[in-house]
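Colleague: how would this look folded up:
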Amino acid sequence: MEMKWIKTFIVTAKYENFRKTAEELFLTQPAVTKHIKRLEESLSIELFERTGNKVALTPAGHRFLVYAKEVVAKYEEGMEDFESWKQGYNRKLIIATAPQIASSFLPSLLRGFIDENPDIEVIINILRSYDVGEEVSKGRADIGLTRSHPIQPNIKSKVIYEEPVILVGPYECMKGSGLNEETILQKYRLLTHNHPEYWDDLLHEVQRYYPTVRTMVVNQVEVTKRFIEAGLGVSYLPRTMVKEELENKKLAVINSENINPPTSSTFLLTKIENDEVIKFNKFLMMFISRSDNADNK
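Modeller: Numbers count the residues shown, from 1 in each chain. So this is what the prediction gives:
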């Protein structure tokens with residue numbers, strides 16, 4: 001019995017259609033038919049009833065499907081572990097993180113952590129902030145890093161960093177112009193909803209002071225920054241999200257006058273604290289402490 005036969009059987013059971021199975025697996029229909037036939041011969045029982053071009057699982061097929069999925073899952077898990085071992089890893093840490101974090105401090109953090117722990121294989125899953133908690137809750141990630149407070153009751157949540165949110169615009173617009181908050185918000189569109197937590201309340205406050213402000217929803221921070229650089233608008237963003245652009249004079253800070261910008265929190269989510277999680281958490285807290293000290297100098 002070959003693994004490819006079992007995988008073909010699982011896909012065929014999903015579609016109950018040889019043509020769709022062939023398309024998904026990039027096989028010919030005769031190849032799909034051959035795999036199923038060889039598997040049935042190996043098991044000495046029919047797994048599908050054939051009626052013209054249609055196929056349907058037999059009672060034996062339904063029964064075997066449960067075992068087939070377990071076999072494939074175990075096989076793939078074993079192959080992943082073996083591949084990790086070949087690369088010198090003997091432990092694994094899966095981190096689910098929001099895009100805003102993955103594109104800011106996470107690369108520097110991971111570089112140091114991996115240097116100190118070369119035997120830990122780190123896997124990064126980039127998800128929407130709202131989905132990170134679910135990934136940890138379901139056990140599909142060991143660590144969650146998000147800008148959104150989780151709603152899952154079975155995980156631990158801790159605020160590890162709070163930072164100011166600032167109004168930023170294109171650097172060119174600020175050179176010698178003396179533009180303030182009011183004139184900037186009259187001149188440029190306000191790019192909104194690029195952060196999961198604060199925009200509804202913040203936008204309400206902005207519109208209270210500046211009721212004619214024009215807005216544009218841009219739901220990703222990286223895209224928002226590129227739009228601002230191109231002169232398409234301005235936005236309120238966490239300071240770490242724009243640190244590099246401010247240093248490189250691509251964006252400029254616009255002083256707030258009437259609007260009181262919120263703060264942005266970064267949450268650390270965990271469910272089971274194994275050795276890898278504990279190591280990462282300790283390193284994370286040291287990294288944040290060093291970063292704060294560097295910023296305050």
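Colleague: could you use CA atoms for every contact and neighbour count after this?
Modeller: OK.
Colleague: now do the helices in the stretch 101-250 of the chain.
Modeller: Using DSSP state H, counting those that start in this stretch, the helices assigned to the stretch 101-250 of the chain run over residues 106-116, 129-137, 171-174, 181-187, 199-209, 221-229, 239-247.
Colleague: pLDDT-wise, which helix or strand of the chain ranks last?
Modeller: Considering only helices and strands, the least confidently modelled element of the chain by mean pLDDT, DSSP states H and E is helix 171-174, at a mean of 78.
Colleague: what comes into contact with that helix?
Modeller: By Cα atoms under 8 Å, 6 or more residues apart in numbering, the residues outside helix 171-174 that reach it are 179, 229, 249-252.
Colleague: between the residues you listed, which sits nearest K74?
Modeller: Of all the contacts of helix 171-174, E229 has the smallest distance to K74: 48.7 Å, by Cα to Cα.
Colleague: most remote residue from this protein's center?
Modeller: For the chain, the largest distance from the centre (Cα atoms, centre = their mean) belongs to S44, which lies 45.1 Å off.
Colleague: mind checking pLDDT for that one?
Modeller: At S44, the model reports a pLDDT of 93.
Colleague: can you check R128 too?
Modeller: As predicted, R128 sits at a pLDDT of 89.
Colleague: settle this for me: it is touching I101, isn't it.
Modeller: No: with contact defined as Cα atoms under 8 Å, R128 and I101 do not form a contacting pair (10.7 Å).
Colleague: how close does the nearest residue to P196 once chain neighbours are set aside get to E40?
Modeller: Here the nearest residue to P196 in space, its sequence neighbours aside, is S148; by Cα to Cα, 6 or more residues apart in numbering that works out to 6.0 Å. From S148 over to E40 the distance is 50 Å, taken as Cα to Cα, to the nearest Å.
Colleague: and those two? which has more neighbours close in?
Modeller: For the pair S148 and E40, the greater number of neighbours falls to S148 (21 against 18), based on other Cα atoms under 10 Å.
Colleague: contact partners for the more buried one?
Modeller: Taking Cα under 8 Å, 6+ apart as the definition, contacts of S148 comprise 129-130, 196-197, 265-267.
Colleague: again, but for T270
Modeller: Taking Cα under 8 Å, 6+ apart, we find T270 in contact with 136, 142-144, 155-157.
Colleague: please verify my assumption that V32 contacts A22.
Modeller: Yes: in terms of Cα under 8 Å, V32 counts as a neighbour of A22; the distance is 6.3 Å.
Colleague: and those two? Which one has more around it.
Modeller: For V32 versus A22, neighbours defined as other Cα under 10 Å are more numerous around V32 (22 against 19).
Colleague: what sits against the more buried one?
Modeller: Applying Cα under 8 Å, 6+ apart, we find V32 in contact with 8, 18, 21-22.
Colleague: okay, and it sits in which element?
Modeller: V32 is part of helix 29-43, with elements assigned from DSSP states H and E.
Colleague: need the next SSE after that helix, C-terminal direction.
Modeller: Counting by DSSP H and E, the element that comes right after helix 29-43 along the chain is strand 48-51.
Colleague: give the partner strands of that following strand in its sheet and their orientations.
Modeller: Strand partners for strand 48-51, identified by DSSP bridges, are recorded as strand 54-57 (antiparallel).
Colleague: what comes up buried for the partner strand?
Modeller: Residues 55-57 are the ones in strand 54-57 that count as buried (16 or more other Cα atoms under 10 Å).
Colleague: now do that strand, average pLDDT.
Modeller: pLDDT averaged over strand 54-57 gives 88.
Colleague: tell me which residues are up against that strand.
Modeller: Identification of contacts with strand 54-57 by Cα under 8 Å, 6+ apart yields 13, 16-18, 47-50.
Colleague: tell me what the helix or strand just after it is packed against?
Modeller: Tracing the chain past strand 54-57, the next element assigned as helix or strand by DSSP H and E is helix 59-86. For helix 59-86, the elements it packs on are helix 3-15, judged by 3 or more Cα pairs under 8 Å, 6 or more residues apart in numbering; DSSP states H and E.
Colleague: just the angle between the helix or strand just after the helix it packs on and helix 29-43, please?
Modeller: Read in the C-terminal direction, the helix or strand following helix 3-15 is helix 18-25, with elements assigned using DSSP H and E. Using axes from the mean of the first three to the mean of the last three Cα atoms, to 10 degrees, one finds that helix 18-25 and helix 29-43 are set 100 degrees apart in direction.
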